[in-house]
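1. What follows is a predicted protein model with its sequence.
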Amino acid sequence: PATTTTTSNGLSGGASLPSLNRFTRAKREITSIFQSMRDTLQNVVDFMGTPSRWVEQAPDLSCTVHEDSLAAELQQARDALRSTQEAVQAVSREYMKVAFVGCTSTGKSATINAMLQDNILPSGIGHTTNCFCCLKGTREDRPFTTLADGGEHRSVEDVNTLADALSDQTLDVSHTVTVHWPMARCPILAEHVVIIDSPGMGMTTHFDSFINEHCADADVFVLVANAESSLSEVDKMFFRKVKDARTPNVFVQYNRWDSTDDEGARAVRVREQHMRNARELLVKELQLLTEEQLPDRVFFVSAKEALRQRRDPAFHFNHPENADIRYKEFERFEKCFGECISAEATRTRFLDFALAGLKRIATITAVLDGTCESLAARQQSLTEALQQQQQTLALLQRDKSSVRLQCEELIDAATTQVRDMILEAFNQQVSDNLLGALQSFRCDGGFQPGQVSQYKESLCKHLENRLGGTIHSRLSATAQPVFRDMQQKLTARVNDLAPTNANIATAVRTASYDVNFYLEFAALTSDFREDIDFQFSFGLRRIAPSLADNLSGMSSLVALPVSFPSELSTASVLRTATSFLNSKVGITATLALGSFAVSNKWALKPAVYLVAVVGAIYLWERVNYTPQAMETKYKRQLADFAQRELKVLARHTARLESNGMKRELLNEVDVMFEEVEKIETRLENSITSNKESLQAAQNRLQLGHKLSKSIQSYTTTIRRFLNTYVPDFTADA
């Protein structure tokens, strides 16, 4: 028999839902919190995003401070800012989103129609809803339809034409038809609630992608399943994806439960099977519900029966068996649904964001505290480095004049040393090699008295080749060690002025010192005049220089009382003449003796012997005075002349090379002190820069502390919000 039931107003009755005001207030408050937090995090990102090197690096200074990379900390701050921006967009959304999802032809549109007590959305068997339908509240008295926000108002009946897959004018899944329903006829829509009716899932991947895009961020999901089958894998996959992003509120409605009227006791087991499947998915696998919540989240209804019972008064007198039970179940669904969107939705929507915000605050606070500690350490290092730079600059400015004077004194001492060494080496080379070089010379065609100039030219080239290179190598080998030693001493001395990481030696040339010497023997012997005419050993030209020296000897000789024996042998005369002629006096006495023999007849015989001896010597010398003898005499004369000139050249070369080395070393000292001046300038610039950096670091440290305190203050603000709107959040946190 038919049973009369009381028709519920559902969600369209005149009764208001004042508890939904709680959601609106919570949304406004947490939106304000996250907007302020977003601005602060932007300041944190700007703070962390300053250049990682907060002190300019000066490669030539040892006391520089380097800023470590802040890439990891900066990335954390950027992640927190991005998450907060997303949270602002989510919590500041003007409405609470309720999405009805499920496979094709499960009764999603019929359920919404039953809740609104009107056939608003197209429904029926097969694939019916072809695009998204969005129900929003309007303050106007009559409902209307638009295809876009602010678009042309169309009749509400057009929904059946635009959204029905069987209509010739149907829209595809990429479109949304918005139904603006009077708030006076549906108080839930007056509280910023939007209901989304989606096409069936599992038809194509194209459809499913749009369903994920439009429904995945809903605050409440109503999964409408066909009671004649079980939850599909498509349903499960959808909620697994949603769970990865957030923790939503979920209702499961097994529609078309009226189909079990003929099943008898089997219907009970089917109901238990459906509950078991829902428990496995929502409680155990996804943990979206607790075991206690499950009975108030899973319902077995008939949406079509509920709509008929609300629209057709005659249905109360003629309805199937168990219809009242199913209708009461539908009313219980509406009651639990209303309570959820007014209370639990507030908790679910904002709790996750609030708790995530607390975690972000803790993370950024730790990052800022670590950064401030690093900044404090860097500030201390920068202060110490600045003091060290100032001390280095003061010492450099104080000592550079005295160091330059010491360098000049070292160079003067080295100049004297190298002059003596070069002079000694030069003379030694001449002494060791000149005679040997002369003796080794052989002229093609031999020595010709008439070609002395050509002979001299060839001999000079030979001596230049033999002596020039030898003397140059020896002088360079003598000067080079002194030069290198002085380079090292000067560089070491100037390096003492500079900071430890400044290498003055790099500013000095590394080439070895080379003596600038070239022997031009022809020019050296241009004043040489040879004398290769024959000269008798006892001739007037040879003895004339001795006559003047021995006049006093001749006077004494004439005065001597000489007596000779009356009988002289030939041998004794020869011996006497030879020994006498060997002395200087004997040379002069020969002439005197000749004149004496003429005037004294008794001395004639010895005089004849003496003249014979001298004549024999003359003949012997004259016969042996060959071109080879002339060459030997020429070389001897040239050697004597060259030795005198080379000694003069040695003194001149020693003086020139020592002065040249002095100039070279002084030039290098000038170069080194130019580098010292550059270092001094860099030190001054670095000190100025580091003072500015130190002040900037101090300001940055103060800003870091300020930001850290500002971020931490949001912890108190968010906890106050949770205590107000989610009193038991501590247990969940």
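-> Alright, I've got the coordinates. Numbers count the residues shown, from 1 in each chain.
2. Scan this protein for its longest helix.
-> Longest helix of the chain, by residue count under DSSP state H: helix 627-725.
3. what's it packed up against?
-> Here helix 627-725 touches helix 20-48, helix 345-439, helix 452-463, helix 469-495, helix 521-524, going by 3 or more CB pairs under 8 Å, 6 or more residues apart in numbering; DSSP states H and E. All C-beta spots, glycine's among them, are computed from the backbone N, C-alpha and C.
4. so which of the ones you listed gets nearest E530?
-> Proximity of the helices and strands packed on helix 627-725 to E530 was assessed by CB to CB; the nearest stretch is helix 452-463, lying at 6.4 Å.
5. quick one: contacts of that closest one?
-> Applying CB atoms under 8 Å, 6 or more residues apart in numbering, the contact partners of helix 452-463 are 434, 437-438, 440-441, 443, 447-448, 519, 521-522, 525, 528, 530, 532, 631, 634-635, 638, 642.
6. the inter-axis angle of the longest helix of the chain versus helix 20-48?
-> Orientation check (axes from the mean of the first three to the mean of the last three CA atoms, to 10 degrees): helix 627-725 against helix 20-48 gives 160 degrees.
7. coming back round to it: just the buried members of the contacts of helix 452-463?
-> 434, 437-438, 447, 519, 521, 525, 528, 530, 532, 631, 634-635, 638, 642 (16 or more other CB atoms under 10 Å).
8. Between which two of these is the distance greatest?
-> In these, two members sit farther apart than any others by CB to CB. They are L519 and I532, at 24.8 Å.
9. Then A99 would be within a helix, right?
-> No - remark: A99 does not belong to a helix; assigned using DSSP: H, G, I helix; E, B strand; the rest coil, it is strand.
10. Report the contact partners of F330.
-> F330 neighbours (CB under 8 Å, 6+ apart): A114, F299, V301, S302, A303, E305, A306.
11. Sitting in strands, which of these do you find?
-> Assignment to strands by DSSP state E places the following of those there: F299.
12. Redo the contacts of F330 as JSON lines? Include neighbour count, pLDDT and distance to I617.
-> Listed next are the contacts of F330 as JSON lines, based on neighbours: other CB atoms under 10 Å; pLDDT from 0 to 100; distance: CB to CB, whole Å:
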{"residue": "A114", "neighbour count": "30", "pLDDT": "89", "distance to I617": "164"}
{"residue": "F299", "neighbour count": "21", "pLDDT": "95", "distance to I617": "160"}
{"residue": "V301", "neighbour count": "28", "pLDDT": "94", "distance to I617": "163"}
{"residue": "S302", "neighbour count": "29", "pLDDT": "92", "distance to I617": "166"}
{"residue": "A303", "neighbour count": "27", "pLDDT": "91", "distance to I617": "162"}
{"residue": "E305", "neighbour count": "23", "pLDDT": "89", "distance to I617": "169"}
{"residue": "A306", "neighbour count": "28", "pLDDT": "90", "distance to I617": "167"}
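13. Least confident secondary structure element in this protein?
-> helix 570-581 (a mean of 44; mean pLDDT, DSSP states H and E).
14. What count of nearby residues applies to C336?
-> Applying other CB atoms under 10 Å, we find 17 residues neighbouring C336.
15. That one and D296 touch, don't they?
-> Yes - at 4.9 Å, C336 and D296 qualify as touching, with contact defined as CB atoms under 8 Å.
16. Would you check how far apart the residue nearest to R266 when sequence neighbours are not counted and Y254 are?
-> Once flanking residues are discounted, R266 sits nearest to T260: 7.8 Å by CB to CB, 6 or more residues apart in numbering. Look at T260 and Y254: by CB to CB, to the nearest Å, they are 10 Å apart.
17. Spit out the residues that contact the two alike.
-> By CB under 8 Å, 6+ apart, T260 and Y254 have these common neighbours: A227.
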